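Peer 1: Sharing a sequence plus its predicted fold:
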Amino acid sequence: MSGQVAKGVGARQTLRRMKALIQAAQGRLPFFLTLIGVPALIVLSYSRPLGQVYLVEARTLGARVTVAGPDTVWKLPNATLCSDLGSEKDIKRATTWTGTGCNPGLFETIELTGTEIRMPPGVQIQLRAEADGVVLLRRLPDRPDQSDAEPSGIRLTENHNWTPGSLLRIEPADWQRVTLLEFAGDVEIGQETGSGANAYVIEGRYEVREHFLRQFRPWGSTGAEPTTVVTGSLYRGDRVAFRKQSADNLPAETVLATGFIAPNLDLTPGFSIVASSGLEHKQAQLRVKSFGTRETQVKPTWIDRALRDPMLLALTAILGFAVTVLTLVVEIKKISFRAPDQ
Amino acid sequence: MVNLKVIVMACTLAANATCALAADRLVLVDLEDEMLPEPRVTAEAVFVGLVRPTNNTNDPEAGETILAALPPDARSADVCVRVTTEDGRYFGHARYSAEAGGASPMTLMDYVPLRPELRDYQAAEIAVLAFPCSADPALTDVAVASWRADDTDDLGQTVTVLVNSFRADEAFLIVNDAKQVTCVPTAGGERAAFDFSCDIDVSEIKAGARIALYRMRGTSIDPEVAINVVGWE
């Protein structure tokens, strides 16, 4: 009987303690709401971008461009068209040739002066810089699902077309005179590295710039510049491409990129390329494949955005300063009220 | 022992001209293989496979067998086989004893991979290279081989040469210094152990042939790399 009474007393005490805790918590409800709510709000605010741009700048020995959108026009000062002989190639003759320029066993040679090339969507061009400074523009087979090119080839002169398998060969001195070669389409910078690869990235960097959700304006687009949230470096042998997000087991779709190609100002072999995805492509990713590693998907997280948002950083700094000042004032008041009692 | 020439002559005199000896079955002596977790970008050698596909569909549950065109005089030493998948993840090397002898121009070899994942690959994704072990590592003499085949199968009329061009722009074969064959890029692209395939008609090589590979880069062409194909007729 006394045991049962003791148990009842213990249970009442536990209930009383729980009631006291609940009452205390209710008094601190705004505090807890703030403690959980503010971080949740920050995570949600930075979980997605309003707009996103991937920007790549690289020095490379090779790149591949597939034209999309409007026709791409390139102006070349002087070039040599090595026109593919197709089924009339003479491999045996080609192996005995020791000259420079277009191998007569493989190509027909046509000298071009001041050429303007107009490339319709679907045309694929591979650019490659040789060790001696010569730059080759090789026309690859067109993308079958996208090609608007004439079957006879891209017209270069009245009598000559640029057909798949043919090359435009540009001497080093002429390459240095090339002005910017602008493009819009699918671009792949560098080449997957392995034995025999000679079109790889030398060095470069990338950035991801974004507009945040807080910059949404229902009456129109924000006029603010996007903020850089991620930066990174490209290393020798990297291969870079713009892709859309996709499930792991599905091939990634390409993303339209715009940019330009230019000769290196320091006259070193290779060329410079700058490419960026459009601000409206929220699902774009940059895929970087380095030698010996898996392909990396560059994709900012909410932490990247939160740590780079100047407004959040400023608010945090101001709030921290205000709390510090407030604490200081309270302490000073405590000290001054205490002094007369002492 | 019956003279092989007498048998062939007797068969050709018969109403049906075709008369084939059952393939000699060789005994597996040693097999080593590996399966890498990631695709390998390049294989070690230029010639990765010399494959004659079958026209009939093979039972996927049947064991892996290799039918190679290696007549008795070409297999005085043991027979070696290399098996490589297109993505370069799987690589196997097997050795078979030719001690049992035999008179057939064809040999049948059971390939029992230690990595069962090899069964997940289609025949078109597998390159087989069969050769007398004495020809290794220079790999001068190579036999035409068929994967997942036996001597009852209907063999195709083309032989596919699978090569690793080491990132060439284009690749070509010249057969017996005469016939020029343009090779075609494989579906695996740059991430493949063999990135070009070249089709040759069987009639051009069944008596033996020299095939030379030429790789084009830019406007120049690499020196040739050549092998001899062992004839079986």
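Peer 2: Structure's in. What do you need?
Peer 1: Chain neighbours aside, what residue packs nearest to whatever residue of the stretch 101-250 of chain A ends up closest to chain B?
Peer 2: At 2.9 Å from chain B, A:Gly196 is the closest residue in the stretch 101-250 of chain A, using C-beta to the nearest C-beta. To be clear about C-beta, it is placed using only N, CA and C from the backbone, and glycine gets the same treatment. Closest residue to A:Gly196 apart from its sequence neighbours, by C-beta to C-beta, 6 or more residues apart in numbering or on different chains: B:Phe166 at 2.9 Å.
Peer 1: try A:Thr109
Peer 2: A:Cys102 (4.3 Å).
Peer 1: ok so, going back, looks like the residue nearest to A:Gly196 contacts B:Leu213 (just checking).
Peer 2: No. The pair B:Phe166 / B:Leu213 is not scored as a contact, 10.9 Å apart, by C-beta atoms under 8 Å.
Peer 1: Please identify which of those two sits among more neighbours.
Peer 2: B:Leu213 (24 against 17; other C-beta atoms under 10 Å in any protein chain shown).
Peer 1: Just list the residues touching the more buried one, thanks.
Peer 2: If you count contacts by C-beta atoms under 8 Å, 6 or more residues apart in numbering or on different chains, B:Leu213 has them with B:Val46, B:Phe47, B:Val161, B:Val163, B:Ser165, B:Ala171, B:Phe172, B:Leu173, B:Cys198, B:Glu224, B:Val225, B:Ala226.
Peer 1: Please list all residues in contact with residue 109.
Peer 2: With no chain named, the answer covers chain A. A:Thr109 is in contact with A:Thr80, A:Leu81, A:Cys82, A:Ser83, A:Gly101, A:Cys102, counting by C-beta under 8 Å, 6+ apart.
Peer 1: actually it's chain B I care about, not the one you picked
Peer 2: B:Arg25, B:Leu26, B:Leu28, B:Thr65, B:Ile66, B:Leu67, B:Ala68, B:Val79, B:Val81, B:Ala94, B:Tyr96, B:Ala130.
Peer 1: Going by distance to chain A, which of the residues you listed wins?
Peer 2: The nearest member of those to chain A, counting by C-beta to the nearest C-beta, is B:Val81 at 23.9 Å.
Peer 1: And for the closest one, the neighbour number?
Peer 2: B:Val81 has 23 neighbours, counted by other C-beta under 10 Å.
Peer 1: Show me what the strand or helix carrying it packs onto, helices and strands only.
Peer 2: When elements are assigned from DSSP states H and E, B:Val81 belongs to strand B:79-85. For strand B:79-85, the packing partners by 3 or more C-beta pairs under 8 Å, 6 or more residues apart in numbering or on different chains; DSSP states H and E come out as strand B:47-51, strand B:65-69, strand B:90-97, strand B:106-110, strand B:126-132.
Peer 1: ok so, going back, could you report the pLDDT at the residue of the stretch 101-250 of chain A closest to chain B?
Peer 2: A:Gly196 carries a pLDDT value of 80.
Peer 1: May I ask which helix or strand encompasses the spatially most central residue of chain A?
Peer 2: Residue closest to the average C-alpha location in chain A (C-alpha atoms, centre = their mean): A:Tyr54, at 3.4 Å. Applying DSSP H and E as the criterion places A:Tyr54 in strand A:49-60.
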